[in-house]
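1. Task: produce atomic coordinates for the following.
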Amino acid sequence: MAAVTPSGAGTGSAAVSRASRSCASSSPAARASTSVASVMASTSPGGKREGGPPMVSAGPASLPAREALPMAGQGRRPEDGPSANPFIGGLMNYGISVLFRAIPLVMGAVSAALGGYVLGHSSGPNARVAGLVLIFLAAICLCLFATAATIIRQLIGRFNGLDRVGYPVFGFAVSGVTVGYGISLLTESPRSAPDFVAGHVVTGVGLICVCVSCVATVSTKFLLISENSGLPEGSPPRSPAPFGPTAVPALLVLPVLTAAAAWAWAIVLLAGGGGGDADGRFTAGHVMAGLALVCTCLIGLVASILRQIQNTYTRQDRLRWPGLAAALGAVGIVWGVVIAAVHSRSAHLAAAYVMIGLGLICWSILSKVLLLALVWRRDAPLANRVPLIPVGTALLCLFLSSFLFESADPAVIVPARVLVGLGGVCFSLFSIVSILESGTGGGGAEETDGEQAAPSPAS
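-> Residues are numbered from 1 along each chain as shown. Model prediction:
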């Protein structure tokens, strides 16, 4: 950064104006550097900033005191409205924020439209199962939209009390509708074989929606992550606590109970209980186990966000939660491959390929847990590459679906259709991890580029 020579108020004002204009079209890292240059340009010859704290000497150039540049959200309330602080208003362009909020809605609309088309234009039991599952996979996308909107409204400085309550309530309402419809399919009389499978899968999808809604709820304090990440290692937990004494255990226990319920249900079905015929129990049990894997992955995401907000995130958490998500995704994929390799009936293939798709969703969730671990109190030059993981898993789902559509075996038509919806969920997760990357400052490479592009003192 070029040294600034004080030459009167007029020169300082001109420098601030030039810095402000260049900041408007630069990256977040460049805007932060420009903010420091603006503060230095407004310094009086006596070494004190006009209307601010004194300068701190650091080598050949003087830098402003640490408190002159507060972290994102520090000392602000959501109702205060947009802030001029570059760490808040400059974290995300408004147009990009609209795009990231639209992605889950568009993916949900595609999945629901395909499900409605299958129900309206195809006949047979397989069409009913695939159609209902596709329609309710859109519920996961709606809950992901609630999570995306909760975080983005904070990043653009427009978060308010209605957002704090409305988006989590919306997510839990969608979860309740999904679980309720799934249970209604299971309790109807007489109950058809397709409704037995669809009822279990739709109920399991509703359990995932509950876990995603917990992510939206804990994300209402998301800006505190960037504040806490700037504190030294070993700093005490935040005081006062961001969440109440009953809210913290509730936010952790709810996804744990949800995952436990999914696992218990899957074990009962695989053990031969729960009614239905053998093929129906096999398919429903394995798919429910895959949905339980996804719920378990979401426990790690909720715990990671909550602990970073509380400033209780440890080195063990940095390894524990990404490792868990990676292992669960591998379990789902290997489980599906083994079923496909040793199946004795063609009806078992549906469960095999859906298990593979659910394993890919686990790896999409891994991208978020991994990103939070990478950027916590350290530089991560490759953090901005993490959003490529859900893009890759979405493409794998769509490629696998296209191959299955070309198969002559009619038993794989259901997973071929369902994989389209699972790919949409993966791509919706891409929008979430991109938002996390913007909000946590995961872009070490951009900062390095900005330093290299800075003019030399001689210029």
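
2. pretty sure Val98 belongs to a helix, no?
-> Yes - assessed with DSSP: H, G, I helix; E, B strand; the rest coil, Val98 lies in a helix.

3. and it, what is it in contact with?
-> Applying Cβ atoms under 8 Å, 6 or more residues apart in numbering to Val98 gives no contacts. In short, each C-beta sits where N, CA and C put it, glycine included.

4. measure it to Ile389 for me?
-> Distance of Val98 to Ile389, computed by Cβ to Cβ, to the nearest Å: 23 Å.

5. ditto for Ser428
-> Distance from Ser428 to Ile389, counting by Cβ to Cβ: 14 Å.

6. Past the strand or helix carrying Val391, which element shows up next along the chain?
-> Taking DSSP states H and E as the definition, one finds Val391 inside helix 388-405. The helix or strand immediately downstream of helix 388-405 is helix 413-439, counting by DSSP H and E.

7. Quick check, His343 in contact with Ala352.
-> Yes - His343 lies in contact with Ala352 (Cβ atoms under 8 Å); the separation is 6.5 Å.

8. higher neighbour count, those two?
-> More crowded of His343 and Ala352, by other Cβ atoms under 10 Å: Ala352, with 21 against 16.

9. for that one, what are its contacts?
-> Counting by Cβ under 8 Å, 6+ apart, Ala352 touches 286, 336-337, 339-340, 343, 415.

10. Scan those and report the most crowded one.
-> Using other Cβ under 10 Å as the neighbour criterion, Pro415 leads these with 28 neighbours.

11. where does that residue land on pLDDT?
-> What the model reports as pLDDT for Pro415 is 94.

12. What of Glu437?
-> 83.

13. just to revisit the earlier point, Ser428 and Ile389: who's more crowded?
-> Neighbours were counted for Ser428 and for Ile389 using other Cβ under 10 Å; Ser428 has more, 31 against 22.

14. wait, that one sits on Met107?
-> Yes - counting by Cβ under 8 Å, Ser428 does reach Met107; the two are 4.6 Å apart.

15. which residues do these two both contact?
-> With Cβ under 8 Å, 6+ apart as the test, Ser428 and Met107 both reach Cys141.

16. residues contacting Phe405?
-> By Cβ under 8 Å, 6+ apart, the contact set of Phe405 is 413, 416.

17. quick one: low-confidence parts of the protein?
-> Along the chain, segments meeting pLDDT under 70 span 1-91, 441-459.

18. which residues sit in contact with Leu269?
-> Applying Cβ under 8 Å, 6+ apart to Leu269 gives the contacts 200, 281, 284-285, 288.

19. can you do 7 Å?
-> Counting by Cβ atoms under 7 Å, 6 or more residues apart in numbering, Leu269 touches 281, 284-285, 288.

20. and which of these is nearest Ile152?
-> Using Cβ to Cβ, Met288 is the member of those that sits closest to Ile152, with 32.6 Å.

21. Look up the closest residue to the closest one, ignoring the ones flanking it.
-> Residue nearest to Met288 in three dimensions, not counting chain neighbours: Ala266, with 3.9 Å by Cβ to Cβ, 6 or more residues apart in numbering.

22. Repeat that for Gly285.
-> Excluding its sequence neighbours, the residue lying closest to Gly285 (Cβ to Cβ, 6+ apart) is Leu269, at 3.2 Å.

23. Starting from Val375, give me the distance back to that neighbour.
-> From Leu269 across to Val375, the span is 40 Å (Cβ to Cβ).

24. Likewise for Val354?
-> According to Cβ to Cβ, Val354 and Val375 sit 33 Å apart.

25. cool, and Val165?
-> Separation of Val165 from Val375 (Cβ to Cβ): 29 Å.

26. again with Cys397
-> Separation of Cys397 from Val375 (Cβ to Cβ) stands at 27 Å.

27. try Ser239
-> Distance from Ser239 to Val375, counting by Cβ to Cβ: 24 Å.
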